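Asks: Below is the structure, and that's it, no one-letter string:
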């Protein structure tokens, strides 16, 4: 699961009006410098209003977390 595919998968669960907000809310997750920072960013997104409206997006990231984490080590 690469970051691009994870983001594209997330958009399947998003309404058209929320797609830009979801993309902006997820950016701190996949651009985080450490795993801990990414976890905090994901929880922040999950607690946000757009994250509350799209729980399937948060679940998709949590399901793919173990496969996603190695991508944080890449520049």
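Replies: Noted; the coordinates are in hand. Because the structure is a prediction, the values reported are computed rather than measured. Residues are numbered from 1 along each chain as shown.

Asks: where does the residue nearest to the spatial centre of the chain land on pLDDT?
Replies: Per CA atoms, centre = their mean, the C-alpha nearest to the average position across the chain is that of residue 26, at 4.2 Å. At residue 26, the predicted lDDT confidence score is 96.

Asks: tell me what the host helix or strand of it is packed against?
Replies: Here residue 26 is covered by helix 19-30, with elements defined by DSSP states H and E. If you count contacts as 3 or more CB pairs under 8 Å, 6 or more residues apart in numbering; DSSP states H and E, helix 19-30 packs onto helix 3-12, helix 35-47, helix 49-53, helix 55-63. To be clear about C-beta, it is placed using only N, CA and C from the backbone, and glycine gets the same treatment.

Asks: In that helix, which residues are buried?
Replies: With burial defined by 16 or more other CB atoms under 10 Å, the residues of helix 19-30 counted as buried are 21-22, 25-26, 29-30.

Asks: One more: stretch 45-65?
Replies: Applying a neighbour-count criterion of 16+ other CB under 10 Å, the buried positions in stretch 45-65 are 45-46, 50-51, 54, 57-58, 60-61, 64.

Asks: Cool, thanks, talk later.
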